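Undergrad: This is a predicted model, with the sequence first.
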Amino acid sequence: MTPEQLIQLAKEAMTRAYAPYSGFYVGAALLCADGTVYQGCNIENASFSPTVCAERSAFFKAVYDGHREFTAIAVCGGREGRITGTFPPCGVCRQVMREFCRDDFLIYLAGAEDGYETHTLAEILPCSFSAGEHMSR
Ligand code: THU
């Protein structure tokens, strides 16, 4: 699976967004270590705080299905379903990534044109609190 293919799946997922309040559509495609891909979209709520991001909906689907190892995620977002720039994952989604992913987990952020940015989890979530931290000391 190339980054371009994963981004294409994130773009597809963006069309499933339920975002009547923000009008901001986000799609994600999460690549598991075994090659399986899970797509996710943001799902908003009239009460706002129950809103879930595209990245987390992809992770939760995958974890529910038994996956625990992940290689990369592609994310795209924009107003009314059109990609309008590169949008990094929110802090809550980064912490969910931290739970299941190593430092070298790759994050591809699709841009408005054909290009994309590549980041690692270590880069976007330095000095993080990770699984086992509270049990080892
Ligand atoms: N959103 C995501 O889906 N992923 C992020 O990492 C940032 C924010 C969604 C949540 C909400 O539905 C909309 O974008 C505006 O914040």
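TA: Sure, I can see it.
Undergrad: ok, and for stretch 118-133, which residues are buried?
TA: Neighbour counts over stretch 118-133 (16 or more other Cβ atoms under 10 Å) mark 119, 121, 124-125 as buried. All C-beta spots, glycine's among them, are computed from the backbone N, C-alpha and C.
Undergrad: Mind checking which of those are in helices?
TA: Members of the buried residues of stretch 118-133 lying in helices (criterion: DSSP state H): 121, 124.
Undergrad: ok, so of the buried residues of stretch 118-133, who is nearest Pro20?
TA: Taking Cβ to Cβ as the measure, Pro20 sits nearest to Ile124 out of the buried residues of stretch 118-133, at 28.5 Å.
Undergrad: pretty sure that closest one contacts Pro89?
TA: Yes. Using Cβ atoms under 8 Å, Ile124 is in contact with Pro89, at 7.1 Å.
Undergrad: For my notes, confirm Leu31 occurs in a strand.
TA: Yes. Assignment of Leu31 by DSSP: H, G, I helix; E, B strand; the rest coil places it within a strand.
Undergrad: contacting residues around the residue lying closest to Tyr18 once chain neighbours are set aside?
TA: Closest residue to Tyr18 apart from its sequence neighbours, by Cβ to Cβ, 6 or more residues apart in numbering: Ile43 at 4.8 Å. Applying Cβ atoms under 8 Å, 6 or more residues apart in numbering, we find Ile43 in contact with 17-18, 51-52, 57.
Undergrad: and what of Ala19?
TA: 25-26, 42, 44.
Undergrad: ok, 7 Å please
TA: Contacts for Ala19 (Cβ atoms under 7 Å, 6 or more residues apart in numbering) come out as 25, 42, 44.
Undergrad: any idea how far it is from the ligand?
TA: Look at Ala19 and the ligand: by Cβ to the nearest ligand atom, to the nearest Å, they are 5 Å apart.
Undergrad: ok, now Ala122?
TA: From Ala122 to the ligand the distance is 18 Å (Cβ to the nearest ligand atom).
Undergrad: Grab the nearest non-local neighbour of that residue.
TA: Ala122's closest residue in space is Asp103 (Cβ to Cβ, 6+ apart), at 3.7 Å.
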